[in-house]
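*Asks:* take this sequence and fold it.
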Amino acid sequence: MRWAGSERHLRTHRPGRRGAAQIVAVAVAAGVAIGLGLVLRTFSPAAPPPGGLPSGGLASSSPSVSTSATVTTPPTAVTSPTSGPPLVASARWLTRAGVEAVEVVPTDAGRAPTVDADAVWAQLVAKLPGVDTPGMRDQLVCHVHFAPGKTAWFLEPARPAVGYAATVAAGCNPGAVRDAG
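*Replies:* Sure thing, here's the model as predicted:
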């Protein structure tokens, strides 16, 4: 097998001749990769501990490459919602365009690029315990990472819990629920 950059490959796969479906597929794959990278960077130690990752980690102990992986949102860190600066200015249940949602208004500290999404989640759950579901958490973490400048973050419990990577790929709004804002 020849290297993908070979002359034959370049003759049959000219740059700039991608179809719209292929471009969309590449964009979605890039979004998922970025989301996965954020999950790994945010929730993984800088270097694996001696002896490898603990059981349940994404890496396997065998030298072979896994062809499939399950990406789940890591559990919420044990954080006291009262420690540290306030990250959630307000949170309330409301109905937008007939869809039940939680409106989260973050503080400036809650919008900071280095904010711990788990700390934001812990403060939100302390204010509104009913939001504590996996799909709502994925939506919040996605907004923390990718939409810090929005005036408010809207989380809808009607959206499916599809996992963090798929939530990121869906622009923080997975499922068929129409985004009212």
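
*Asks:* please name the nearest non-neighbouring residue to residue 112.
*Replies:* residue 148 (7.6 Å; C-beta to C-beta, 6 or more residues apart in numbering). Where C-beta positions appear, they are placed from N, C-alpha and C, glycine not excepted.

*Asks:* the one you found contacts residue 106, doesn't it?
*Replies:* Yes - Residue 148 is within contact range of residue 106, at 7.4 Å (criterion: C-beta atoms under 8 Å).

*Asks:* lowest confidence element among the helices and strands of the chain?
*Replies:* Ranked by mean pLDDT, DSSP states H and E, the helix or strand of the chain with the weakest confidence is helix 7-12, at a mean of 45.

*Asks:* can you give the domain ranges for this structure?
*Replies:* If you go by automatic domain parsing, the domain ranges for the chain are 7-43, 88-169.

*Asks:* mind listing what's buried along stretch 88-96?
*Replies:* Buried positions in stretch 88-96, judged by neighbour count with 16 or more other C-beta atoms under 10 Å: 88, 91.

*Asks:* mind listing the helices for this protein?
*Replies:* 7-12, 20-43, 108-111, 117-127, 134-146, 164-169 (DSSP state H).

*Asks:* residue ranges with poor pLDDT in this protein?
*Replies:* 1-83, 180-181 (pLDDT under 70).

*Asks:* how close does residue 98 get to residue 118?
*Replies:* To residue 118, residue 98 is 32 Å away according to C-beta to C-beta, to the nearest Å.

*Asks:* higher neighbour count, the two?
*Replies:* residue 118 (19 against 7; other C-beta atoms under 10 Å).

*Asks:* distance of the more buried one relative to residue 145?
*Replies:* Counting by C-beta to C-beta, the gap from residue 118 to residue 145 is 12 Å.

*Asks:* number of nearby residues for residue 84?
*Replies:* So residue 84, with other C-beta under 10 Å, has 14 neighbours.

*Asks:* skip the chain neighbours and tell me the closest residue to it.
*Replies:* Residue 84's closest residue in space is residue 119 (C-beta to C-beta, 6+ apart), at 6.1 Å.

*Asks:* now do residue 158
*Replies:* Spatial nearest neighbour of residue 158, excluding adjacent residues (C-beta to C-beta, 6+ apart): residue 177 at 5.0 Å.

*Asks:* go ahead and confirm that neighbour touches residue 154.
*Replies:* No - taking C-beta under 8 Å as the definition, residue 177 is not a contact partner of residue 154, at 10.5 Å.

*Asks:* the more surrounded of these two?
*Replies:* More crowded of residue 177 and residue 154, by other C-beta under 10 Å: residue 154, with 19 against 16.
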